[in-house]
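**Student:** Output the structure for:
(one chain, ligands or ions: 1)
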Amino acid sequence: MALVFRPDKKSIEKTLAALKSYGNLVAPDARFNYDAKDGLRKEVCFRDEDFLSLLSSIDDEYVVDSILEMLKGKALVPPDAFYSKDAFDKLVALTKEKWYYPWTSFTKAMRRLFYMLASIKQPRIVVGMGIFYGYTLAWSAGPSCGKDKLYNAERVYGVDINTEAIEGARKNFAILEGSDHVELIAEDGRLVAQRLEGPVVFLHLDADGEKIGKKLYLELLKILYPKLAKGAWVLAHDVTDPGFQKQGVFTEYLNYVRDPKYFSESILFDIDQCGLELSIK
Ligand SMILES: C[S@@+](CC[C@H](N)C(=O)[O-])C[C@H]1O[C@@H](n2cnc3c(N)ncnc32)[C@H](O)[C@@H]1O
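**Tutor:** Numbers count the residues shown, from 1 in each chain. Next up, the predicted model:
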């Protein structure tokens, strides 16, 4: 006969109390649901891992359409702003069938959001920091590449300290037609940021430094800030990642970009496990 031991109510309540005291993942009024069947939740909240990851994959088109409407409503983008869903779908198919990348944390909602934002901003100079095998850069670069390109960008820079990853990114972009303006650089983003000439219009931060981790974002942003065009968009990926949130990794970064001294507006797109902060200079 198979036996199962399960910790009793005393242990469960003690664990729940400890979870609450750890801070920002469990609400102070959270209760343990003794009636829920094994493994099945009776109550789901927004920051539930399964809930958010499903939401971001099954409803990405509607979510991104809603973001576009919100940006229009706040007059942050022109009323006729749009992105080509056909061109986006073609890029999705290309990256799925022909690109190689070992893994990605970009969800369906995130890649569509980047594609939409780049289509609307039509940035002349794009910079991606920590692009790994280039998958994340594809969505910022996409609207200025290929047969279906929406506009001409002057330069798209993709930077990563990992030489092997940049080699992979080069192979990937070689398959994307009309991407000659995409320059892939295997170097420490800080050095590239120091010598880059502006004006940078679209900056995507995703670098995870060896010792400082995602705190690298603020370092890179401070170097690049004087080179950002007025009205430039800075996009910081991962700001709602539960692990990073628990450690307060982005507290200083978010205080900086939400300070009206540096940015006129900053918006959190809380659409998946990772989240994205868009800050407008
Ligand atoms: C977590 S990965 C980003 C992956 C991305 N979110 C995706 O889904 O593909 C972070 C990247 O930052 C790069 N990185 C770390 N330190 C860096 C630095 N100083 N300059 C540029 N890139 C750096 C790493 O090599 C790594 O590829």
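**Student:** Show the contacting residues for Leu228.
**Tutor:** If you count contacts by Cβ atoms under 8 Å, 6 or more residues apart in numbering, Leu228 has them with Gly198, Pro199, Val200, Val201, Leu203, Val234, Lys281. No exception for glycine: its C-beta is placed from N, CA and C like everyone else's.
**Student:** any idea of the pLDDT on it?
**Tutor:** pLDDT, Leu228: 98.
**Student:** Keeping just the C-alphas, turn the least confident helix or strand in the chain by mean pLDDT into PDB.
**Tutor:** When the helices and strands of the chain are compared on mean pLDDT, DSSP states H and E, helix 242-247 comes out lowest with a mean of 86. Provided in PDB are the C-alpha atoms of helix 242-247 (Å, rounded to 0.1, in the frame of the first residue of the first chain):
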ATOM      1  CA  PRO A 242       9.000  37.500  -9.100                       C
ATOM      2  CA  GLY A 243      12.600  36.600  -8.200                       C
ATOM      3  CA  PHE A 244      14.000  40.000  -9.100                       C
ATOM      4  CA  GLN A 245      11.100  41.700  -7.300                       C
ATOM      5  CA  LYS A 246      11.700  39.700  -4.200                       C
ATOM      6  CA  GLN A 247      15.300  40.900  -4.100                       C
END
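**Student:** That one packs against which elements?
**Tutor:** If contacts are counted by 3 or more Cβ pairs under 8 Å, 6 or more residues apart in numbering; DSSP states H and E, helix 242-247 sits against no helix or strand.
**Student:** buried sites along it?
**Tutor:** For helix 242-247, burial by neighbour count (16 or more other Cβ atoms under 10 Å) applies to Phe244, Gln245.
**Student:** do that helix and the ligand meet?
**Tutor:** No - Helix 242-247 stays clear of the ligand (Cβ under 6 Å from any ligand atom), getting no nearer than 10.9 Å.
**Student:** Wait, His181 touches Tyr157, no?
**Tutor:** No - using Cβ atoms under 8 Å, His181 makes no contact with Tyr157, being 9.8 Å away.
**Student:** mind showing which ranges of this structure have poor pLDDT?
**Tutor:** Applying pLDDT under 70 to the chain flags residues 23-24.
**Student:** ok, back up a step: more crowded one of His181 and Tyr157?
**Tutor:** Tyr157 (23 against 16; other Cβ atoms under 10 Å).
**Student:** can you pull up the bridge partners for that one?
**Tutor:** As for beta bridges, Tyr157 partners with Val127, Glu183 under DSSP bridges.
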